[in-house]
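Q: With the input below, show me the fold.
(chains A and B)
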Amino acid sequence: MPAGSQSTLRVFTTRPDTLFGATYMVLAPEHALVADLTTPAQKAAVDAYREQASRKSDFERTELAEEKTGVFTGSHATNPVNGNKVPIWIADYVLAGYGTGAIMAVPAHDERDHEFAVKYQLPITQVVSPLDGSEIPPDAAYSEHGLAMNSGFLDGLKTTEAKARMIDWLEKEKKGSRKVNYKLRDWLFSRQRYWGEPFPLLHEIGTDGEPTGRIEPIDISELPLKLPVLEDYKPSGRPEPPLGKATNWIEVQRDGTTWRRELNTMPQWAGSCWYYLRYLDPKNDQAFCDPAKENFWMPVDLYVGGAEHAVLHLLYSRFWHKVLFDRGHVKTAEPFKRLVNQGMILGEMEYNAFRDNAGAWVQPNQRDKPGVEPVRLTEEQVEKKGDTFVLKSDPTIKVDARANKMSKSRGNVINPDEVVKEYGADSLRLYEMFMGPLEATKPWSMRGVEGVYRFLSRVWRVFMDDRSEEMRLNTQVSNDAPDPDTLRLLHQTIKRVTDDLDNMRFNTAIAAMMEYTNHLTPLSVKPSAALKPFVLLLAPFAPHLAEELWHSLGHANTLAYEPWPIFEPALLVASTIEIPVQVNGKIRVRLLVSPDISKEDLEKLALADPKVQENLAGRAPKKVIVVPGKLVNIVG
RNA sequence: GCUGGAGUGGCGAAAUGGCAGACGCAGCGGACUUAAAAUCCGCUGGGGCGAAAGUCCCGUGUGGGUUCGAUUCCCAUCUCCAGCACCA
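A: Prediction:
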């Protein structure tokens, strides 16, 4: 502090145990006490630094700041635990908006402080030692927990205990207090645009025509507050939001004073944060929903959304819900039981090679050099060599092969309307489910769409006579009983599709139906008893096609209310199964056996096999592992 | 830098301790056709030996470990993707 000054600098820390290691302090350039603390000798440098920092955006201060910068204020502070005088600096690596906008710097145990201390040659005092007794590296900060050292009454304590002891001491000496800090990211609730819920708030206007600072909510009887109808709701070009144009809506008289409505509006998620509650009872004009209905439906069983939903909408929804919960308006602390994040669909796979301005091919790692341009290649122009793609015409040149995020600028956007027009809504829907696991990021492929379209066409031809002019059933469709193989496969398919749907494995459910269709296609007799349950399985995946088939099978009504097919466990089992027999972990022969063969019989059968004997080459088996229904492994 | 996820054929993938590559795409061969498209049938991880039937070896990013047995479990490591990013 400058001579005679007795100001107090408040800091926030999560490591009070390192207070003995605080060798300097840093204030954010915007900190209120900077001007008071700056000595005349340092004034010019400090002012210049603050001026420079004020020009930088937050982005520049964080993303681009490769090296830390700062300026000494000329003043010193007293470390409350040991009375040491420590210099006070300002630096933009300390954020004004977090904590108190000031820190105690512990360069031995904080990477940022360490970097700064090294650059400006500030002292570094170690006050924590690793639990395993090792030395801390001299060129880096040790930010892990450990044992306190050089710390007076804390010496020898583990970090957790040292923290507690230090806080107790600070509170006793009235030099500090414990506090939990919460921060909700991006909690900015005002938008300067028209489309959004208006805030039901009024600003009092004084006799001078300026706001007095007093803010009051509108009367509850005036809710809901609706947007005023505006012909022109585009931004005005002036700083005030578009609602400023609603001149006869803005001013309100109340108790003889003039009030002005809030002109900002709420962001989209103001409404979307609680729609799941309003949807339960959308016509209720007394409450956002009837508690009985909320009790019945909430919490939401499953929430499926993309990445931006996970980080923003979901965060705010939960926050919102917890506020309602704390105030007793909802019965659950959490709104959603389960979250599933579906993966991003990328554009089609792209192959790019790079060429310099002389037209010569260069390696992809030269891509950022001036004059180097990407050249888009077709699949035919590239080949795989080792684990990279190379030019077919010059295999020494590597090719960059990847799928990119869909974006207008890249021109790789797939318009679903076009896909529906070309292949139908069922194909689009089915393809999206068939591409891979729901949660995975995966590239789009028009050929893949064509593949599922062909599958649906195949299904159609199993049921329908595609040579006929009018819609009629394939003549092979009959009322005969299905053969045992078909029946077994049907029940296996019902089981697989049912299980996969329960686990949201849509891709493998579709694969199972494809296998079943491949089985049905060559059959000269197609029993309707094997077809009807299949249509019901297909319905959630390709609803339009399934309805058509259902009607063609002679049903007048929709299949939507039909019960889901149930498999018969007894029908899943084949009369013979194949069991691989390994000798020392390598498959040597496969045995066809009855599925209910005993362990002992299977072992005997395996050992008696000539192929097994040949591989044992006269050695006696040391161990035989028999996994019923799976395999036999003979170790010898 | 931190956090999370992922590395398996030419491509999307399947198999969660027990036959690696189901299913689909692409490719190759055949049938049908005057022809093509569509459709149907067959083959299709790599390599060796063999005229063939066949047979042997290698193979799930890399290195190690556990196990009779590892894509799957454990340890280490590399690469890619996504989100966040000086939060004291």
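
Q: okay, now the domains of chain A?
A: A:16-172, A:201-266, A:269-341, A:345-405, A:430-570, A:577-635 (automatic domain parsing).

Q: Mind putting those into JSON lines with mean neighbour count and mean pLDDT?
A: Where you see a C-beta, it was placed from the backbone N, CA and C, and this is true even at glycine. Converted to JSON lines, the domains of chain A look like this (neighbours: other Cβ atoms under 10 Å; pLDDT from 0 to 100):
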{"stretch": "domain A:16-172", "mean neighbour count": "17", "mean pLDDT": "86"}
{"stretch": "domain A:201-266", "mean neighbour count": "13", "mean pLDDT": "86"}
{"stretch": "domain A:269-341", "mean neighbour count": "15", "mean pLDDT": "85"}
{"stretch": "domain A:345-405", "mean neighbour count": "14", "mean pLDDT": "87"}
{"stretch": "domain A:430-570", "mean neighbour count": "16", "mean pLDDT": "94"}
{"stretch": "domain A:577-635", "mean neighbour count": "14", "mean pLDDT": "88"}
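
Q: is it possible to export the ones you listed to CSV including distance to RNA strand B?
A: What follows is the domains of chain A, written out as CSV (distance: least, Cβ to the nearest atom of the strand, whole Å):
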stretch, distance to RNA strand B
domain A:16-172, 3
domain A:201-266, 21
domain A:269-341, 5
domain A:345-405, 4
domain A:430-570, 3
domain A:577-635, 4
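
Q: so residue A:203 sits right up against residue A:259, yeah?
A: Yes: the criterion here is Cβ atoms under 8 Å, and residue A:203 meets it with residue A:259 at 6.4 Å.

Q: among the domains of chain A, which is nearest residue A:424?
A: domain A:430-570 (7.2 Å; Cβ to Cβ).

Q: Ends of that closest one, what's the gap?
A: By Cα to Cα, to the nearest Å, the extent of domain A:430-570 from end to end equals 31 Å.

Q: before we move on, what about stretch A:333-351?
A: From its first residue to its last, stretch A:333-351 covers 49 Å (Cα to Cα).

Q: Ok, stretch A:376-393 next?
A: Per Cα to Cα, the first residue of stretch A:376-393 is 15 Å away from its last.

Q: what sits up against it?
A: A:350, A:351, A:352, A:353, A:361, A:395, A:396, A:397, A:398, A:399, A:400, A:401 (Cβ atoms under 8 Å, 6 or more residues apart in numbering).

Q: hmm, which two among the residues you listed are most spread apart?
A: A:350 and A:396, at 21.1 Å, using Cβ to Cβ across the contacts of stretch A:376-393.

Q: re earlier: what's the closest of the domains of chain A to residue A:414?
A: Among the domains of chain A, domain A:430-570 sits nearest to residue A:414 (Cβ to Cβ), with 5.3 Å.

Q: Just checking the distance from that closest one to the centre of its chain.
A: Counting by Cα atoms, centre = their mean, to the nearest Å, domain A:430-570 is centred 33 Å from the centre of its parent chain.

Q: Residue A:17 is in contact with residue A:166, correct?
A: Yes: in this structure, residue A:166 is within contact of residue A:17 by Cβ under 8 Å, at 5.5 Å.

Q: shared neighbours of the two, anything?
A: Common neighbours of residue A:166 and residue A:17, using Cβ under 8 Å, 6+ apart, are residue A:154.

Q: what's the closest of the contacts of stretch A:376-393 to residue A:162?
A: Nearest member of the contacts of stretch A:376-393 to residue A:162, counting by Cβ to Cβ, is residue A:400, at 51.9 Å.

Q: how about the domains of chain A, which one is nearest residue A:193?
A: Nearest of the domains of chain A (Cβ to Cβ): domain A:201-266, 6.2 Å.

Q: what about that closest one, start to end distance?
A: 12 Å.

Q: just stretch A:286-299 next, same as before
A: For stretch A:286-299, the first-to-last residue distance is 22 Å (Cα to Cα).

Q: Contacts for it, please.
A: Residues external to stretch A:286-299 that are found in contact with it (Cβ under 8 Å, 6+ apart): A:274, A:277-278, A:280-281, A:284, A:329-332, A:334-337.

Q: from the residues you listed, which two are the most distant?
A: A:284 and A:337 (23.7 Å).

Q: ranges for the helices of the stretch 51-200 of chain A?
A: All helices of the stretch 51-200 of chain A, identified by DSSP state H, counting those that start in this stretch, fall at A:58-59, A:111-120, A:159-172.

Q: same thing with the stretch 501-636 of chain A?
A: Under the criterion DSSP H, counting those that start in this stretch, the stretch 501-636 of chain A contains helices at A:506-520, A:528-538, A:543-552, A:599-608, A:610-616.

Q: pull the CA atoms of the shortest one into CSV?
A: The C-alpha trace of helix A:610-616 is given here as CSV (Å, rounded to 0.1, in the frame of the first residue of the first chain):
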residue,chain,number,x,y,z
PRO,A,610,-9.5,-86.9,-35.7
LYS,A,611,-8.6,-83.3,-36.4
VAL,A,612,-8.3,-82.6,-32.7
GLN,A,613,-6.1,-85.7,-32.3
GLU,A,614,-4.0,-84.6,-35.2
ASN,A,615,-3.4,-81.2,-33.6
LEU,A,616,-2.7,-82.7,-30.2
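
Q: name the helices or strands packed onto that helix?
A: Counting by 3 or more Cβ pairs under 8 Å, 6 or more residues apart in numbering; DSSP states H and E, the packing neighbours recorded for helix A:610-616 are strand A:577-583, strand A:586-593.

Q: what's the first one packed up against?
A: For strand A:577-583, the elements it packs on are strand A:586-593, helix A:599-608, helix A:610-616, strand A:631-635, judged by 3+ Cβ pairs under 8 Å, 6+ apart.

Q: Regarding chain A, what is its longest strand?
A: Of all segments of type strand in chain A, defined using DSSP state E, the longest is strand A:345-355.

Q: Strand partners (parallel or antiparallel) of it?
A: Sheet partners assigned to strand A:345-355 using DSSP bridges are listed as strand A:361-362 (antiparallel), strand A:373-377 (antiparallel), strand A:398-405 (antiparallel), strand A:442-443 (parallel).

Q: All good on my end, thank you.
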